[in-house]
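Student: Compute the structure for the input listed below.
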Amino acid sequence: MRRSRKVKILATLGPASSDEGMIRKLFEAGADVFRINMSHTDHDMMRTLVARIRKVEDDLGRPIGILADLQGPKLRVGKFANGEEILVAGQKFSLDDNEEPGTNSRVHLPHPEILQSVKPGDRLLIDDGRLQLRADASNGKSIDCTVISGTKISNRKGVSLPDTDLPVGALTPKDRADLDAVLETGVDWVALSFIQRPEDLAEARKIARGRAALMSKIEKPQAVTRLAEIIELSDALMVARGDLGVEMPLEAVPGIQKQITRAARRAGKPVVVATQMLESMISAPVPTRAEVSDVATAVFEGADAIMLSAESAAGDYPVEAVATMDRIAQQVERDPTYAGIINAQRSEPEATGADAISLAARQIAETLKLQAIVTYTASGTTGLRAARERPHVPIVALSPVLETARRLSLLWGTHCVVTPDATDLDDMVNRACQIAFQEEFGKVGDRIIVTAGVPLRTPGSTNMLRIAYIGSDGLSGS
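Tutor: Below is the predicted model:
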């Protein structure tokens, strides 16, 4: 089951899409990777979802990626005596360490790290920015504020701090427990929420020990400021536009999306664009024209994957949302301007053998109009370098490691096939031709280009490139 597009689709599972039959329908409609949101999923349900995805994977014979998205630190105010209070711009309001129910002038803030870190002038955004406060004074036990905009505050609303660098890690006790649980099930990717600094990845990487790849969600101004360092320590990035649009001006988000996407592409790291892509399809069978353009923009930018959240998790039309995203992506990639835009954004290769081989493979494949680039990859590194080039021809990634194939299912333009390791160079080329033929990337007489590392089974040693014909028996005719 090969896709007719290069960008991948990541679909979130939830109440509308948790049974095995629906998961299969979503995959058949175009979903390549499934996201499990640990903010709304307990461990038992998470294990059930993983088992159902793996059952669909076995039935269809295609590697399917699974992303577990950790909740991250959720900062919330306490409760009010009346449940909510009406505020007016210009009035004074305090957040403090007093556990008494809140009033019209104050509320408990059960986060000492905020009380100790906020400085005069810092903004505090409550309830996704619907209420904006400005800190006037702070003594470590309370923050005296002025209401800048907004009229209401109620129980347990979230707090965002766009101007404050909190001295806490990205992993909460809940996240650590969730991380241990998802790693035991063998998920392929773990998304880390509210990353502020590169050090926030250290604890998760120590716990994961290579059992899952780490995706940093960029949703705070502090992360944007230190983007290059975070990319270096991440396996992939997500442009999490929901919280990013709360903590930064909404009009800045499109530009930041482009910055993150292009920086990740330069580094050869997968990048996912997420949040409200087809939001109206939660309750409507068709999206708005603006949403279609939004999805198209991410595809034109060369993002590796585009993500559905509530549209597939809790909406009324989960399959239709995936199918719609699939059609949009296919149409964009057929557009006559698409190739030129993708080409213009290519980065210079790094001075490594793997990058040089990947560049040469793309140039040869496009010059000679070959049918596919077939790359052998055990660790996934060779596949990443091939995808970084954004070739016009398909990439077929062959791996003897199922876990590698699952991770690469997130990768732009890559069709993953699990196959036993080749015994020698001739077997490698024959196997590449045979799989390209079987997977319908080429027919008898067509040519492909094969890249791999020699000697075999040496991670990161991509140094071989060979053009081969597909023979009458599906094997190499070269």
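
Student: C-alpha only now, for contacts and for neighbours.
Tutor: Noted.

Student: And the lowest mean pLDDT element among the helices and strands of this structure?
Tutor: Ranked by mean pLDDT, DSSP states H and E, the weakest helix or strand in the chain is strand 462-469, scoring a mean of 89.

Student: can you list contacts of that one?
Tutor: The contact list for strand 462-469 (Cα atoms under 8 Å, 6 or more residues apart in numbering) reads 353-354, 357, 361, 382, 429, 433, 444-454, 476-478.

Student: Isn't residue 245 up against residue 253?
Tutor: Yes. Here residue 245 reaches residue 253: they are 6.2 Å apart, a contact under Cα atoms under 8 Å.

Student: Can you get me a residue count around residue 61?
Tutor: By other Cα atoms under 10 Å, the residues close to residue 61 number 12.

Student: Can you pull the phi/psi pair for residue 154?
Tutor: phi -140, psi -180 (degrees, to the nearest 10).

Student: how much space between it and residue 86?
Tutor: Note on residue 154: its distance to residue 86, by Cα to Cα, to the nearest Å, is 9 Å.

Student: got it, and residue 110?
Tutor: Counting by Cα to Cα, the gap from residue 110 to residue 86 is 21 Å.

Student: neighbour count winner among residue 154 and residue 86?
Tutor: Counted by other Cα under 10 Å, residue 154 and residue 86 do not tie: residue 154 has more neighbours, with 20 against 11.

Student: For that one, give me its contacts.
Tutor: Counting by Cα under 8 Å, 6+ apart, residue 154 makes contact with 79-80, 83-85.

Student: beta partners for it?
Tutor: Following DSSP bridges, residue 154 is listed with bridge partners residue 84.

Student: State the distance from it to residue 254.
Tutor: Distance of residue 154 to residue 254, given as Cα to Cα: 31 Å.

Student: Equivalent analysis for residue 111, please.
Tutor: Residue 111 sits at a distance of 32 Å from residue 254 (criterion: Cα to Cα).

Student: Residue 127 now?
Tutor: Counting by Cα to Cα, the gap from residue 127 to residue 254 is 22 Å.

Student: quick one, which of these two is more surrounded?
Tutor: Neighbours per residue, other Cα under 10 Å: of residue 127 and residue 254, the larger number sits with residue 127, 19 against 14.

Student: can you pull the pLDDT of that one?
Tutor: Note for residue 127: predicted pLDDT of 93.

Student: any low-confidence regions in this structure?
Tutor: Across the chain, the ranges flagged by pLDDT under 70 are 456-461, 474-478.

Student: mind redoing it with 80?
Tutor: Scanning the chain for pLDDT under 80 picks out 1, 453-462, 472-478.

Student: Which segments of it make up each domain?
Tutor: 8-72+170-335, 84-160, 353-469 (automatic domain parsing).

Student: Switch those domains over to a markdown table, and while doing so, append distance to residue 344 to every line.
Tutor: Shown next, in a markdown table, are the domains of the chain (distance: least, Cα to Cα, whole Å):
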| stretch | distance to residue 344 |
| --- | --- |
| domain 8-72+170-335 | 10 |
| domain 84-160 | 37 |
| domain 353-469 | 11 |
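
Student: wait, which of those is closest to residue 345?
Tutor: Nearest to residue 345, of all those, is domain 8-72+170-335, at 7.5 Å by Cα to Cα.

Student: So what's the residue count around residue 167?
Tutor: Per other Cα under 10 Å, the neighbour tally for residue 167 reads 11.

Student: Might one say that it is in contact with residue 112?
Tutor: No. Using Cα under 8 Å as the test, residue 167 is too far from residue 112 to be in contact (10.8 Å).

Student: So which bits of stretch 440-453 are buried?
Tutor: Buried residues in stretch 440-453, counting neighbours by 16 or more other Cα atoms under 10 Å, are found at 441-444, 446-453.

Student: How far does it sit from its chain's centre?
Tutor: Centre-to-centre, stretch 440-453 and its host chain are 30 Å apart (Cα atoms, centre = their mean, to the nearest Å).

Student: From start to finish, how long is that stretch in a straight line?
Tutor: 25 Å.

Student: go on, stretch 432-448?
Tutor: 8 Å.

Student: Ok, stretch 215-227 next?
Tutor: Stretch 215-227 has an end-to-end distance of 13 Å (Cα to Cα).

Student: can you list contacts of stretch 257-274?
Tutor: Here stretch 257-274 makes contact (Cα under 8 Å, 6+ apart) with 227-228, 231-232, 234-241, 298, 301-309, 345-348, 384-385, 387-388, 410-412.

Student: out of these, which are buried?
Tutor: Using 16+ other Cα under 10 Å, the buried ones in those are 227, 231, 234-241, 298, 301-309, 384-385, 387-388, 410-412.

Student: And the helices in the stretch 201-350 of the chain?
Tutor: Using DSSP state H, counting those that start in this stretch, the helices assigned to the stretch 201-350 of the chain run over residues 221-225, 227-233, 241-247, 253-267, 289-300, 310-313, 318-334, 338-344.

Student: Turn those helices into CSV, including distance to residue 16.
Tutor: Below are those laid out as CSV (distance: least, Cα to Cα, whole Å):
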stretch, distance to residue 16
helix 221-225, 33
helix 227-233, 34
helix 241-247, 21
helix 253-267, 29
helix 289-300, 21
helix 310-313, 5
helix 318-334, 7
helix 338-344, 34
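
Student: With residue 91 as the reference, name the closest of the ones you listed.
Tutor: The closest of the helices of the stretch 201-350 of the chain to residue 91 is helix 241-247. By Cα to Cα, the value is 22.3 Å.
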